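J.: What would the 3D arrangement of this be:
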Amino acid sequence: MKLSITKAAEIANVSRTTLYNDMHNGKLTYETDAKDKKVIDISELERVYGPLKKVLQEPSSNFIKTEQGAASDQSI
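T.: Numbers count the residues shown, from 1 in each chain. Predicted structure coming up:
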């Protein structure tokens, strides 16, 4: 599963700046989607940053819940 930079930073518990720095330095690989936006595979996040926050998709909603129960908008 490919994630936007914002979503990847959220579940990896790092800042967007950290992701961009790690991509620039070659530590973190990424792809570009059809809209030429950078996306990161979940397995790549786990490889670089270790275990990720558990993210649960709520049915018919643009919001997600993390283990802590906080909700955030998933629409991009």
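J.: can you give me the offset of stretch 2-22 from its chain's centre?
T.: Stretch 2-22 sits 5 Å away from the centroid of its parent chain (CA atoms, centre = their mean, to the nearest Å).
J.: Report the buried residues of it.
T.: Applying a neighbour-count criterion of 16 or more other CB atoms under 10 Å, one finds 3-5, 7-12, 14, 18-19, 22 buried in stretch 2-22. Heads up, the C-betas are built off the backbone N, CA and C, glycines and all.
J.: Tabulate the CA atom coordinates of it in CSV.
T.: This file holds the C-alpha atoms of stretch 2-22, laid out as CSV (Å, rounded to 0.1, in the frame of the first residue of the first chain):
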residue,chain,number,x,y,z
LYS,A,2,1.4,3.4,-1.0
LEU,A,3,0.9,6.4,1.3
SER,A,4,1.1,10.2,0.8
ILE,A,5,4.0,11.9,2.6
THR,A,6,1.6,13.4,5.2
LYS,A,7,0.1,10.0,6.0
ALA,A,8,3.5,8.3,5.9
ALA,A,9,4.8,10.8,8.4
GLU,A,10,1.8,10.3,10.7
ILE,A,11,2.0,6.5,10.9
ALA,A,12,5.9,6.5,11.1
ASN,A,13,5.7,9.1,13.9
VAL,A,14,8.2,11.3,12.2
SER,A,15,7.9,14.8,10.6
ARG,A,16,7.4,15.4,6.9
THR,A,17,10.8,17.2,7.0
THR,A,18,12.4,14.0,8.2
LEU,A,19,10.8,12.0,5.4
TYR,A,20,12.0,14.5,2.8
ASN,A,21,15.5,14.6,4.2
ASP,A,22,15.7,10.8,4.3
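J.: Which stretches in the protein count as helices?
T.: 5-12, 16-24, 42-49 (DSSP state H).
J.: would JSON lines of those with mean pLDDT and distance to Lys35 be doable?
T.: Formatted as JSON lines, the helices of the chain follow (pLDDT from 0 to 100; distance: least, CB to CB, whole Å):
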{"stretch": "helix 5-12", "mean pLDDT": "96", "distance to Lys35": "13"}
{"stretch": "helix 16-24", "mean pLDDT": "98", "distance to Lys35": "17"}
{"stretch": "helix 42-49", "mean pLDDT": "96", "distance to Lys35": "20"}
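J.: Alright, I will stop here.
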